[in-house]
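J.: no sequence on hand, only this structure:
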DNA sequence: GCAAACAATATGAAATTTCATATAACTGGG
DNA sequence: CCCAGTTATATGAAATTTCATATTGTTTGC
């Protein structure tokens, strides 16, 4: 075990390793439910707000658009989602849950919440309370920097150029 | 931005998203240096301790062994590493840095430290001080649980009751 | 109301990754 | 010593992922 070197305390390694190991158990559960991890991510996004663009799903699932297109192909073939048109913009494809997809998605989201509670229970209560706000703040900073690469630290959330998930707001 | 739904506050999403976005900039830098991300991970591990088993490199780089074997093939072909024997165990292949590999590795590790400092500077000082110990503690817990899946984190003894439980062994 | 620029999705082909398994070497029991 | 069980690495074949680009639709500037 690498105990003392560069890697074991490198922030980007810790983030990747924690993400990987924390997800491993739940991802195994997802596969037992008969779907793969990227498909689970799509289902979770669609439970949050049905009818999402392929590009937005790809962004949220941390993957490239052309890959998401093919994942939606497979999910559609298996009856979990269906493609629909966007009345506002003919280029867009809105992905919707089918009834079967919604049943599976809601079950898995419930399982995910239970698993999340277990992971948090493995931490000291003080750390458990801090970790989410800390990660949220860091994510917001990182996304703000990516949106305006020149200046560090934008506070105004001006990435509003990013379209919302259609239909999410009601 | 992702406002109020399940995904945007889900711990496993936050971990994956922060890891992905925090790494994106540095990974772009790595690619400009002419290598890919898994190769960078191998170099970083070998700077920490030269002469590492393929299986151990795979574990540290969060990937499967057969993939690591092929990554080492490519790095060896490009003169970054060489394979050597282990005097203690003839099954093992020890991967060593070449001189060229070490030059590149040491440069990139220095760059990684600088980038890490930038990421930490984007956080409040209090959070910056907490994040590494917090992630280290969580990683240690997760690895301990993976090693002894019935015991460590759980006190309630009810795990066997529900085979569908998301966290318990799957 | 057209042309250029931009945006969303799809797709062929190449490269990578996974899965199952082969091969070789170590371990411990008889 | 030999056997069965286990560990470390490698590899063929299938599946997935990436890259570049095609296609279609929208927006902007004139």
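T.: In hand now; what should we look at? The model shown is predicted, which means the values in this text are computed figures rather than measured ones.

J.: what sits against residue A:98?
T.: A:79-82 (CB atoms under 8 Å, 6 or more residues apart in numbering or on different chains). For every residue, glycine as well, the C-beta is placed using N, CA and C.

J.: which of the helices and strands in chain A ranks last by mean pLDDT?
T.: helix A:125-147 (a mean of 91; mean pLDDT, DSSP states H and E).

J.: any part of that one near DNA strand C?
T.: No: against DNA strand C, helix A:125-147 shows no contacts by CB under 7 Å from any atom of the strand, the least distance being 12.6 Å.

J.: that helix near chain B anywhere?
T.: Yes: Helix A:125-147 reaches chain B (CB under 8 Å from any CB of the partner chain) through A:127, A:130-132, A:134-143, A:145-146.

J.: next one: stretch A:23-31
T.: Yes: using CB under 8 Å from any CB, stretch A:23-31 reaches chain B at A:23-26, A:28-29.

J.: follow-up on the earlier one: so which of the residues of helix A:125-147 next to chain B is the closest to DNA strand C?
T.: residue A:146 (15.0 Å; CB to the nearest atom of the strand).

J.: excluding chain neighbours, what is closest to that closest one?
T.: Closest residue to residue A:146 in three dimensions, ignoring its sequence neighbours and counting by CB to CB, 6 or more residues apart in numbering or on different chains: residue B:21, at 6.7 Å.

J.: how about the closest residue to residue A:68 other than its chain neighbours, phi and psi?
T.: Spatial nearest neighbour of residue A:68, chain neighbours left out: residue A:58 (3.9 Å); criterion: CB to CB, 6+ apart. Note on residue A:58: backbone dihedrals following degrees, to the nearest 10 are phi -60, psi -40.

J.: list the residues that contact residue A:58.
T.: A:64-65, A:67-68.

J.: ok, the one residue in chain A that gets nearest to DNA strand D - contacts?
T.: Nearest residue of chain A to DNA strand D (CB to the nearest atom of the strand) works out as residue A:90 at 2.7 Å. Counting by CB under 8 Å, 6+ apart, residue A:90 makes contact with nothing.

J.: name the SS class of it, please.
T.: coil (DSSP: H, G, I helix; E, B strand; the rest coil).

J.: within range of DNA strand C, give me the residues from chain A.
T.: A:53-56, A:65-66, A:69-70, A:72-73, A:83, A:89, A:91-94, A:163.

J.: report the buried members of those residues.
T.: Buried subset of the residues of chain A next to DNA strand C (neighbour count, 16 or more other CB atoms under 10 Å in any protein chain shown): A:53-56, A:72, A:92-94.

J.: redo these as CSV? Include distance to chain B, pLDDT and secondary structure.
T.: Converted to CSV, these look like this (distance: CB to the nearest CB, whole Å; pLDDT from 0 to 100; DSSP: H, G, I helix; E, B strand; the rest coil):
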residue, distance to chain B, pLDDT, secondary structure
A:53, 14, 97, strand
A:54, 16, 98, helix
A:55, 14, 97, helix
A:56, 10, 97, helix
A:72, 17, 98, helix
A:92, 18, 96, coil
A:93, 20, 97, strand
A:94, 17, 98, strand
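
J.: turn those into CSV, including distance to residue B:116.
T.: Output for those, formatted as CSV (distance: CB to CB, whole Å):
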residue, distance to residue B:116
A:53, 34
A:54, 34
A:55, 31
A:56, 30
A:72, 36
A:92, 39
A:93, 39
A:94, 40
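
J.: what segments of chain A are helices?
T.: Remark: helices assigned in chain A by DSSP state H are A:11-32, A:37-48, A:54-60, A:65-77, A:99-121, A:125-147.

J.: list the contacts for residue A:103?
T.: No contacts exist for residue A:103 under CB under 8 Å, 6+ apart.

J.: separation between the residue nearest to residue A:146 and DNA strand C?
T.: 18 Å (CB to the nearest atom of the strand, to the nearest Å).

J.: just the pLDDT at that residue, thanks.
T.: Listed pLDDT for residue B:21 reads 95.

J.: and the gap between residue A:129 and DNA strand C?
T.: Looking at residue A:129 against DNA strand C, where the rule is CB to the nearest atom of the strand, the gap reads 34 Å.

J.: could you do residue A:82 as well?
T.: Going from residue A:82 to DNA strand C by CB to the nearest atom of the strand gives 11 Å.

J.: thinking that residue is in contact with residue A:76, fair?
T.: Yes: Residue A:82 lies in contact with residue A:76 (CB atoms under 8 Å); the separation is 6.1 Å.

J.: angle of the least confident helix or strand of chain A against helix B:125-147?
T.: 110 degrees (axes from the mean of the first three to the mean of the last three CA atoms, to 10 degrees).

J.: ok and helix A:125-147 relative to helix B:99-121, angle-wise?
T.: Using the same axes, to 10 degrees: helix A:125-147 against helix B:99-121 is 110 degrees.

J.: list the buried residues of helix A:125-147.
T.: For helix A:125-147, by 16+ other CB under 10 Å, it's A:127-128, A:130-132, A:134-135, A:138-145.
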